[in-house]
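Novice: model this:
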Amino acid sequence: MSRRKLTTSALVAALSLVALGALGPASAAVPAADPVPEFTATLKATYPAFDANQGVAVDDKYFYAVNNQTITKHSRSTGQPLLQFAGALDGPIEHLDSGVVYRGKLYAAHSNYPEWPMESSIEVFDTRTMRHVRTFAFGIYRGSLTWLDHHDGFWWATFANYNRVQDGQTEPYGKTYNTQVVKLDDEFNALQSWTIPKVILDKFELMSNSGGSWGPDGRLWLTGHDLPEAYVMRLPVAGGELEWVATVHVPGIEGQGIAWSDAGRRSTLFGISRDNAVVREYTVPFGSIEDPAKKYWEVLGPGSFRQ
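Specialist: Numbers count the residues shown, from 1 in each chain. Now for the predicted structure:
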């Protein structure tokens, strides 16, 4: 830079450019505000659950605490643990991440995380006996399967990727921006897929989308790996990126697998706290969340064409 003395007007202009970020990254230090409304869930119940390390599934009478190689069935009325599936320490079940109950079966997302290359499968359990009854293998696919749910006649799942460099590796574990939410048919064939908005991916930092569940409001609720909040999404009217509708703060969880109970307007949201080894149940003001009123496009006639 020249050592000439700046005039007052030049100095003001230079300071204005700095404020606008034109002369450097000063403005980058100012975080962008969330472009969506925020809400807060209310704690309804807490259940001790020694297996609450990865996620939770729920049905009318029971909840199922998910750990890497175990799933424990608990009574919703008493919290008492009743049965447990326990995979062998050196067996094929390596990293169960979350689950969903559908027609009397518990479908669990499974992967070989943090091994490379990523392998994923769906492991199916009989909720009455907690016996393993089926597996569906993706093999090396789009990433590491972290959650799945059944909604509107289809299966939905996330194949996560991560910015974290795992032990013994030199490259990021797939890179978080490659994370995809996938719609599948009854044979688990992929039909469509969507990305997650970058502003949410940035919240995940080195990790990725860990939990997902379709809510009673017909929207998809996603969680990360650590933060006590859920991101309410809807399918876009066009394009390949999910639309972020709202953020709901869920005090007392640390991201991970979530599950909505199937009770219509009285539905509650279940999550876990790894730090406290508990499953927590919340009431959520989902009826107050509105889809954004946005104008996505217009059709123009002669004389008004965009140049």
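Novice: report the buried residues of stretch 270-289.
Specialist: Neighbour counts over stretch 270-289 (16 or more other CB atoms under 10 Å) mark 270-273, 278-282, 284, 286, 289 as buried. C-beta here means a position set from N, CA and C on the backbone, and glycine is covered the same way.
Novice: now do stretch 162-169
Specialist: 162-164.
Novice: closest to G87 among the residues you listed?
Specialist: Nearest to G87, judged by CB to CB, of those is Y162 at 23.1 Å.
Novice: could you pull up the residues touching that closest one?
Specialist: Going by CB atoms under 8 Å, 6 or more residues apart in numbering, Y162 touches 144, 172-176, 206-208.
Novice: give me the buried entries from those.
Specialist: So, by 16+ other CB under 10 Å, the buried ones in these are 144, 172-174, 176, 207-208.
Novice: tell me the average confidence for the host helix or strand of W244?
Specialist: Using DSSP states H and E, W244 falls within strand 243-249. Throughout strand 243-249, pLDDT has a mean value of 97.
Novice: checking the residue lying closest to P285 once chain neighbours are set aside next. Helix, strand or coil?
Specialist: Leaving out its chain neighbours, the residue that sits closest to P285 by CB to CB, 6 or more residues apart in numbering is F39, at 5.3 Å. Taking DSSP: H, G, I helix; E, B strand; the rest coil as the rule, one finds F39 in the strand state.
Novice: thought F159 was touching W147, still the case?
Specialist: No: counting by CB atoms under 8 Å, W147 does not reach F159; the two are 10.0 Å apart.
Novice: can you pull the pLDDT of V30?
Specialist: Note for V30: predicted pLDDT of 43.
Novice: D90: neighbour count?
Specialist: 6 (other CB atoms under 10 Å).
Novice: how long is stretch 263-282 end to end?
Specialist: Across stretch 263-282, the terminal residues are separated by 13 Å (CA to CA, to the nearest Å).
Novice: what sits up against that stretch?
Specialist: Stretch 263-282 is contacted from outside by 41-50, 52-56, 58, 63, 65, 74, 211, 213, 215-216, 221, 223, 230, 250, 252-254, 256-261, 283-284, 286-287, using CB under 8 Å, 6+ apart.
Novice: where do the helices sit along the stretch 151-300 of the chain?
Specialist: Per DSSP state H, counting those that start in this stretch, the stretch 151-300 of the chain carries helices over the ranges 198-204.
Novice: strands along that one, start to end?
Specialist: Remark: strands assigned in the stretch 151-300 of the chain by DSSP state E, counting those that start in this stretch are 154-160, 180-184, 190-194, 211-214, 220-223, 229-234, 243-249, 259-260, 269-273, 278-283.
Novice: could you dump those to a markdown table with distance to G79?
Specialist: Listed next are those as a markdown table, based on distance: least, CB to CB, whole Å:
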| stretch | distance to G79 |
| --- | --- |
| strand 154-160 | 29 |
| strand 180-184 | 32 |
| strand 190-194 | 36 |
| strand 211-214 | 21 |
| strand 220-223 | 22 |
| strand 229-234 | 23 |
| strand 243-249 | 24 |
| strand 259-260 | 16 |
| strand 269-273 | 12 |
| strand 278-283 | 8 |
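Novice: between these, which one is nearest to A293?
Specialist: strand 243-249 (11.6 Å).
Novice: would you mark the buried spots in the closest one?
Specialist: Applying a neighbour-count criterion of 16+ other CB under 10 Å, one finds 243-248 buried in strand 243-249.
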